[in-house]
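A.B. asks: Build me a model:
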Amino acid sequence: MWSQILRCTQQTLGTVAFFTNFLLIWLIMMKSPKAMYTYKHIMVFTSVFEIFYAWIDMFVAPELITKRTYWIAETDTTKTWLPLSIVYPLLLAWGGSFGIALASFIVHFMFRYFTIIGNKFLLSQKNFMVYIWLSIPVICGFFYALLTHIFLQQNEIMDTLICTDIESLRNVPKNEMTFSFFTMTIFAIKGYSAIRKFQGTHTNLSSLSKSLQTQLFYSLVIQTAIPTILIHFPSTVILIRSFMGTTEEIYGHIFTISVSLFPVIDPLPSMIIIQPYRKAIKTCFRLSKGQNSTIASSYVGSRTTTF
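C.D. replies: As a prediction, the model looks like this:
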């Protein structure tokens, strides 16, 4: 029962995540003020990453299983049509995505910090600087996945233990199952502290630039709170309870759903708080509403003429 509920939830949330992130990418590329410079490329990278993450969640259907003293990320042939030779690297990429997410938000905070203090070299629009900024999350995610594969890869003893201990997996052949373990860490908030410290120092900037910097700052703070609430807090609870040997299976179900929610909700602060994006969305709604009203009026008019 739980497996079907989780699968349906992952499919639904993955579809919504595609829509919200593609919409945000369009807003970033078409409606971003010139003052955003290189930062818009970092924002696009984050949305592309979240689309990739949602795609894995939809087609691989990883599920977190928690029981007493351990927790694992698992999938099998009953949840995905992809061959396990492909699923295992994707499951490693799913675990590595947490490393990308952590590093990505650190990059965001660093960039906002250097924007405020006016470091022109690190904010250069030259291609090599953009590649350096974007390579940081990718490298972190790669090492997350690599270390998981080296130290926590599946083996015969672990497969036998898990298949025996977890009732829902007893009927799944061991050669049709793949596991990936991952760890979660709380990322540093030094960038957040620096942003707050320098928030009041924009004495030489126009009111428009100040407003944009403030909007980007608050949007980033909320975007950072989202994975903290949906990922870091529940994973910390699970980790602590695992050490105590008191982890319940329901924790894994909740975590699986909350992780799927992350790419759906994360783009929303940018679309709501950043004024150019908010105005563009409102304009689209007004145009859509106006067209519907026109169609309705024409329809009523034609009915009246007929009668």
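
A.B. asks: what's the distance between Phe22 and Ala61?
C.D. replies: From Phe22 across to Ala61, the span is 22 Å (Cβ to Cβ, to the nearest Å). Using the backbone N, CA and C atoms, a C-beta is placed for each residue, glycine as well.

A.B. asks: neighbour-wise, which of those two wins?
C.D. replies: Comparing Phe22 with Ala61 by neighbour count (other Cβ atoms under 10 Å), the higher total belongs to Ala61, at 23 against 14.

A.B. asks: List the contacts of that one.
C.D. replies: Counting by Cβ atoms under 8 Å, 6 or more residues apart in numbering, Ala61 makes contact with Leu6, Arg7, Gln10, Thr75, Lys79, Thr80.

A.B. asks: Swap in 7 Å and give it another go.
C.D. replies: Arg7, Gln10, Thr75, Lys79, Thr80 (Cβ atoms under 7 Å, 6 or more residues apart in numbering).

A.B. asks: Three-state assignment for the nearest residue to it once chain neighbours are set aside, please.
C.D. replies: In space, and not counting its chain neighbours, Ala61 is closest to Lys79: 4.0 Å by Cβ to Cβ, 6 or more residues apart in numbering. Three-state assignment for Lys79 (DSSP: H, G, I helix; E, B strand; the rest coil): coil.

A.B. asks: my guess is Lys79 contacts Arg7, does it?
C.D. replies: Yes: contact status for Lys79 versus Arg7: in contact at 6.2 Å, counting by Cβ atoms under 7 Å.

A.B. asks: So which of the two has more stuff around it?
C.D. replies: Counted by other Cβ under 10 Å, Lys79 and Arg7 do not tie: Lys79 has more neighbours, with 20 against 17.

A.B. asks: Could you check the pLDDT of the more buried one?
C.D. replies: Per-residue pLDDT puts Lys79 at 72.

A.B. asks: Quote the end-to-end distance of stretch 240-257.
C.D. replies: Taking Cα to Cα, to the nearest Å, stretch 240-257 runs 20 Å from one end to the other.

A.B. asks: Show the average pLDDT along it.
C.D. replies: 81.

A.B. asks: Begin at 338, not 1, for the rest of this chat.
C.D. replies: OK, 338 is where the count begins now, so the last one is stretch 577-594.

A.B. asks: residues of it that come out buried?
C.D. replies: For stretch 577-594, the neighbour count (16 or more other Cβ atoms under 10 Å) marks Arg578, Ser579, Thr584, Glu586, Tyr588, Gly589, His590, Phe592, Thr593, Ile594 as buried.

A.B. asks: Just the element for the last one, please.
C.D. replies: Element membership of Ile594, judged by DSSP states H and E, is helix 586-602.

A.B. asks: State the next helix or strand along the chain beyond that helix.
C.D. replies: Following helix 586-602 in sequence, per DSSP H and E, is helix 605-610.

A.B. asks: now for that next one, which elements pack on it?
C.D. replies: The contact analysis (3 or more Cβ pairs under 7 Å, 6 or more residues apart in numbering; DSSP states H and E) places helix 605-610 against helix 339-368, helix 544-564, helix 612-643.

A.B. asks: Of those helices, which shows the lowest average pLDDT?
C.D. replies: Of all those, helix 612-643 has the smallest average pLDDT, which comes to a mean of 64.
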